[in-house]
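> Quick one: sequence and predicted model below, then my questions.
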Amino acid sequence: MRDAVFMATMAGLLPLALFRPFVGVLLWCWIAFLNPHRLVYGFTTAIPWAMVVFAVALAGLVLSGELRRARFNGVMLMLVVFLACITVTSLTALGDPVAVWAKYSAVSKVLLGLLLTGALLTDRWRIHALIWVMVLSIGYFGVRGGIFAIITGGNYRIWGPQQTMIEDNNHLAAAMLVTLPLMNYLRLQSRHALVRTGLAAAMALTLLSTVATYSRGALLGLVAVTLTLWWRSRRKLVSAAVLAVAVAGAITFMPPQWAQRMETLRTYQEDESASQRLMLWGVAFRLALDRPMLGTGFTGTYTRSVVDRVAPEAPARAIHSIWFELLAEQGFPTFFVWCGIILAGAWYAQALVRRARGSSALRWAHDLGRMAQVSLVAYLVSGTFLSLSYWDFLWTLLVVIGAAHLLVRQESAAAAPVRPWADTRPRWRPA
């Protein structure tokens with residue numbers, strides 16, 4: 001039944017995506033983030049839905065003529081540079097060519113999809129719609145996980161959908177932490193009390209679900225998100241009380257084994273997992289130094305022969321850090337480009353806050369800039385302990401921030417008073 005419903009839904013939406021290419025973008029993001037085809041059973045699970053939707057949306061973009069309205073921003077330009085860099089590092093990769101090009105194919109398709117997404121984010125309502133899709137996709141797992149935690153008393157870990165980037169409990173926790181501020185943005189922008197109440201309940205359940213993943217990195221990320229969310233709030237006393245009650249309530253709800261696992265953060269020197277993670281970071285840095293310009297290429301740290309170049313005694317496995325994973329696989333130049341993408345998004349977010357401050361018409365941009373900053377903090381802190389360097393959700397958020405900044409800049413320029421020609425002449429020129 002699930003298979004038939006999903007197939008009927010796609011059959012109805014794909015023609016719409018052809019005539020309305022932005023619908024295709026929303027559908028592509030829904031497939032990429034929620035992975036609904038992983039939640040059904042049958043032949044639809046084997047269909048490359050993301051590729052099908054991308055092809056339909058691209059055809060619609062060409063037919064509609066919207067490509068002429070596309071505007072590029074710094075984030076999108078940096079993504080193009082990043083695509084060129086990973087192409088070079090993949091051509092010179094040390095790992096198994098089949099695995100390397102499979103990973104390259106997946107990442108490059110995401111980057112091309114992001115360029116299509118950015119090209120169609122031409123107004124505020126499209127940005128708002130895309131954020132809704134992002135929140136509903138990850139929020140589904142947050143709400144479902146929170147309800148499951150309540151029913152089971154928090155005695156079982158929450159996991160993500162199988163065969164996806166957020167299948168691991170730690171990755172899912174990071175995804176939910178990044179999504180929480182975006183939920184709050186939608187709550188701030190929603191006019192109807194029922195929607196605001198529903199989003200507040202979803203935030204509470206997602207917070208509980210994050211804690212119920214039993215991820216120690218997520219606990220550190222939660223602390224960072226809480227402090228940043230409080231700092232970026234308007235009414236700090238009220239925010240401090242609400243955040244304290246919410247976080248304390250979620251932690252108090254969890255059973256004793258959760259507290260015992262979190263306690264290992266204080267004795268990480270004695271914890272085998274933490275000690276091995278520190279060793280893997282050292283291996284990754286040595287691999288980067290071994291080939292500073294090109295790195296090992298995709299999957300290099302998973303390949304025994306590659307790791308043996310610098311550390312024969314170390315295991316060949318995931319590095320568990322966005323920083324060291326990217327550095328080892330892509331080398332220093334591509335690592336700096338990757339950092340530049342994040343810095344560009346952070347700069348645009350701060351520019352949104354600065355440009356929209358005090359403007360009722362741009363209140364949405366001000367709120368988006370503040371909450372996007374919290375999401376970036378969540379990713380950077382949680383990602384320090386995770387292999388999420390190529391996460392499409394984070395890149396989509398950065399593209400959204402860049403598109404919002406371009407719109408705000410255009411609106412600010414249009415609203416600026418036009419001075420008479422005489423006032424624009426150089427003062428040294430006689431009248």
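Thanks, I have the structure now.
> the longest helix in the protein is where?
When the chain is parsed with DSSP state H, its longest helix is helix 322-356.
> Next secondary structure after that helix?
Scanning forward in sequence from helix 322-356 by DSSP states H and E, the next helix or strand is helix 363-383.
> What is that following helix packed up against?
Using 3 or more C-beta pairs under 8 Å, 6 or more residues apart in numbering; DSSP states H and E, the elements in contact with helix 363-383 are helix 124-152, helix 169-189, helix 216-231, helix 322-356, helix 392-415. To be clear about C-beta, it is placed using only N, CA and C from the backbone, and glycine gets the same treatment.
> could you redo the last one with a cut-off of 6 Å?
helix 169-189, helix 216-231, helix 322-356, helix 392-415 (3 or more C-beta pairs under 6 Å, 6 or more residues apart in numbering; DSSP states H and E).
> Quick check on Arg157: phi, psi?
phi -70, psi 150 (degrees, to the nearest 10).
> pretty sure it contacts Tyr214?
Yes. Counting by C-beta atoms under 6 Å, Arg157 touches Tyr214, with 4.8 Å between them.
> Quick check: buried residues in stretch 299-315?
Neighbour-count burial for stretch 299-315, counted by 16 or more other C-beta atoms under 10 Å, picks out 299-303, 306-307, 310-311, 314.
> got it, and stretch 223-231?
224-226, 228-230.
> could those residues be laid out in TSV, adding distance to Val110?
Compiled in TSV, those are given as follows (distance: C-beta to C-beta, whole Å):
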residue	distance to Val110
Ala224	26
Val225	25
Thr226	30
Thr228	27
Leu229	28
Trp230	33
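> Closest one to Ser389 out of the residues you listed, please.
Ala224 (18.7 Å; C-beta to C-beta).
> Assess the claim that the closest one and Val377 are in contact.
Yes. In this structure, Ala224 is within contact of Val377 by C-beta under 6 Å, at 5.2 Å.
> where does Arg309 land in three-state SS?
For Arg309, the assignment made with DSSP: H, G, I helix; E, B strand; the rest coil gives coil.
> Contacts only, for it.
Asp290 (C-beta atoms under 6 Å, 6 or more residues apart in numbering).
> any idea how far it lies from Gly65?
52 Å (C-beta to C-beta, to the nearest Å).
> got it, and Asn73?
21 Å.
> The two: which is more packed in?
Per other C-beta atoms under 10 Å, whichever of Asn73 and Gly65 has more neighbours is Asn73, with 21 against 8.
> Phi first, then psi, for the more buried one.
Per degrees, to the nearest 10, the backbone of Asn73 is at phi -120, psi 180.
> quick one: what helix or strand has Thr296 in it?
Under DSSP H and E, no helix or strand contains Thr296.
> Next: Phe298.
Using DSSP H and E, no helix or strand contains Phe298.
> Determine the number of other residues adjacent to it.
27.
> cool, and Ala50?
21.
> With adjacent residues omitted, what lies nearest to Val374?
Of all residues not flanking Val374 in the chain, Pro181 sits nearest, at 3.8 Å (C-beta to C-beta, 6 or more residues apart in numbering).
> ok, now how distant is the one you found from Asp168?
In terms of C-beta to C-beta, Pro181 sits 22 Å off from Asp168.
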